[in-house]
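**Student:** fold the following and give me the result.
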Amino acid sequence: MNAESLGTLSVVISTILTGLNIYLIKIIALPNRFLLASIILTLSGLILFLANTISGKITEALFQGRKYFLEILWIGVVGTSIPVSMIYYGLSLSPISNTFLLQTEVIYSMILSRLLLKERINGWQILLSLSAFLGVFLITTEGTLKEISFGDILFLLAPFFFQCGHVVAKNLMQIVNPIVTVMFRLIIGGLAPFPILILSGLNLLKDVRDIAMGDGIMIAGVSVSYAIGNSFWYYSVKNINLSRATAIIITYPLISMVLSIFTLKEGLSPIKLLGIAVTFSSILGLSLLRGKSEATPRNKGYDTKNA
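**Tutor:** Predicted coordinates:
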């Protein structure tokens with residue numbers, strides 16, 4: 001199996017694990033969602049730290065971490081800690097079905113490519129973007145003029161920060177091993193909120209001790225799954241273009257939504273279902289268009305694989 005096929009298989013595995021993680025995070029009964037995000041990210045990073053130690057790559061990993069510290073810090077804080085905390089908190093305020101709003105990451109990718117790489121935006125991309133925003137409106141308001149929940153706003157903002165991290169990570173992984181990149185991303189992303197949590201006056205040790213056994217098992221499971229899923233995701237991003245990987249992974253809310261309908265009895269109105277269909281099809285179309293454009297050589301000689 002060649003690198004491109006392995007990259008595609010990797011993003012499929014990452015998609016399944018991401019959908020399961022979102023569902024489990026929703027049902028974990030830990031009120032402090034920022035603490036939950038910190039614990040899961042830190043544990044996931046430590047799992048990969050152990051894996052790198054066993055494989056004998058930890059010395060090289062630490063050297064690369066020091067050499068590319070600023071890039072890794074950006075990926076960990078801006079591209080991981082901030083958006084993951086947004087999603088975890090948003091899940092406590094909005095139903096799982098609204099995580100389809102996270103699919104707007106493709107639009108952010110298109111906008112950043114225009115601003116940073118001067119890529120041309122064609123009429124189809126504009127039309128599909130407007131269609132996606134119509135779907136977002138139907139999901140968040142169910143067709144009526146009402147206030148959008150804060151959880152939905154967080155779902156809409158989080159993808160921007162993810163994309164800011166992916167842009168830097170894709171270039172970095174041409175030099176640094178993806179597993180090493182993910183390890184530092186998760187450890188820094190997990191440790192970053194701790195100073196804020198401590199300064200807020202919360203008794204973190206008490207909160208951790210009060211975690212029920214069932215929730216603790218789920219947290220451990222999500223941590224392992226998150227470490228594996230992120231490793232597969234970044235391996236896929238290294239070997240296939242970002243738009244194709246995004247086109248596959250945006251399907252993960254389907255897994256979370258199906259689980260929530262059957263176990264949490266979350267309802268779906270016809271209008272919200274229509275909004276999900278419109279958003280999904282529009283974002284998929286955008287991803288395929290961008291993937292096609294990335295595969296086309298540019299007159300200026302810009303290497304889109306390293307974008």
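
**Student:** how about the helices in the stretch 151-300 of the chain?
**Tutor:** Along the stretch 151-300 of the chain, the segments classed as helices by DSSP state H, counting those that start in this stretch run 178-191, 194-199, 204-209, 213-239, 242-249, 252-263, 270-295.

**Student:** looking at those, which is nearest to Gly143?
**Tutor:** Nearest to Gly143, of all the helices of the stretch 151-300 of the chain, is helix 270-295, at 4.3 Å by C-beta to C-beta. C-beta: built from backbone N, CA, C; applies to glycine.

**Student:** show me what the closest one is packed up against.
**Tutor:** Under the contact criterion of 3 or more C-beta pairs under 8 Å, 6 or more residues apart in numbering; DSSP states H and E, helix 270-295 touches helix 105-117, helix 123-141, helix 242-249.

**Student:** reformat those as CSV; add mean pLDDT.
**Tutor:** Formatted as CSV, the helices and strands packed on helix 270-295 follow (pLDDT from 0 to 100):
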stretch, mean pLDDT
helix 105-117, 75
helix 123-141, 81
helix 242-249, 73
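
**Student:** just the ones you listed: most buried one?
**Tutor:** Among the helices and strands packed on helix 270-295, ranked by average contacts under mean count of other C-beta atoms under 10 Å, first place goes to helix 242-249 (a mean of 23).

**Student:** what's the angle from that one to helix 105-117?
**Tutor:** 170 degrees (axes from the mean of the first three to the mean of the last three C-alpha atoms, to 10 degrees).

**Student:** what packs against helix 242-249?
**Tutor:** helix 3-27, helix 105-117, helix 213-239, helix 270-295.

**Student:** again, 10 Å this time
**Tutor:** Secondary-structure packing of helix 242-249 (3 or more C-beta pairs under 10 Å, 6 or more residues apart in numbering; DSSP states H and E): helix 3-27, helix 105-117, helix 150-172, helix 213-239, helix 270-295.

**Student:** off-centre distance for the shortest one?
**Tutor:** Meaning helix 105-117. Between the centre of helix 105-117 and the centre of its chain there are 16 Å (C-alpha atoms, centre = their mean, to the nearest Å).

**Student:** next, the angle helix 270-295 makes with it.
**Tutor:** Using the same axes, to 10 degrees: helix 105-117 against helix 270-295 is 40 degrees.

**Student:** report all helices and strands that helix 105-117 contacts.
**Tutor:** Looks like helix 105-117 contacts helix 123-141, helix 150-172, helix 242-249, helix 270-295 (3+ C-beta pairs under 10 Å, 6+ apart).

**Student:** these: which one's closest to Ser44?
**Tutor:** Among the helices and strands packed on helix 105-117, helix 150-172 sits nearest to Ser44 (C-beta to C-beta), with 15.2 Å.

**Student:** how distant is the closest one from the center of its chain?
**Tutor:** Counting by C-alpha atoms, centre = their mean, helix 150-172 comes out at 7 Å from the chain centroid.

**Student:** got the CA positions of it in PDB?
**Tutor:** Extracted in PDB, the C-alpha atoms of helix 150-172 (Å, rounded to 0.1, in the frame of the first residue of the first chain):
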ATOM      1  CA  PHE A 150     -23.300  30.300  22.900                       C
ATOM      2  CA  GLY A 151     -22.400  26.700  22.400                       C
ATOM      3  CA  ASP A 152     -23.200  27.100  18.600                       C
ATOM      4  CA  ILE A 153     -21.000  30.200  18.500                       C
ATOM      5  CA  LEU A 154     -18.100  28.200  20.000                       C
ATOM      6  CA  PHE A 155     -18.700  25.500  17.400                       C
ATOM      7  CA  LEU A 156     -18.400  28.100  14.600                       C
ATOM      8  CA  LEU A 157     -15.300  29.700  16.000                       C
ATOM      9  CA  ALA A 158     -13.300  26.600  16.900                       C
ATOM     10  CA  PRO A 159     -12.500  25.500  13.300                       C
ATOM     11  CA  PHE A 160     -10.700  28.800  12.600                       C
ATOM     12  CA  PHE A 161      -8.200  28.000  15.300                       C
ATOM     13  CA  PHE A 162      -7.900  24.400  14.200                       C
ATOM     14  CA  GLN A 163      -7.100  25.600  10.700                       C
ATOM     15  CA  CYS A 164      -4.500  28.100  12.000                       C
ATOM     16  CA  GLY A 165      -2.700  25.100  13.700                       C
ATOM     17  CA  HIS A 166      -3.000  22.800  10.600                       C
ATOM     18  CA  VAL A 167      -1.400  25.300   8.300                       C
ATOM     19  CA  VAL A 168       1.700  25.500  10.500                       C
ATOM     20  CA  ALA A 169       1.700  21.700  11.300                       C
ATOM     21  CA  LYS A 170       1.600  20.700   7.700                       C
ATOM     22  CA  ASN A 171       4.800  22.500   6.900                       C
ATOM     23  CA  LEU A 172       6.400  21.400  10.200                       C
END
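
**Student:** all good on my end, thank you.
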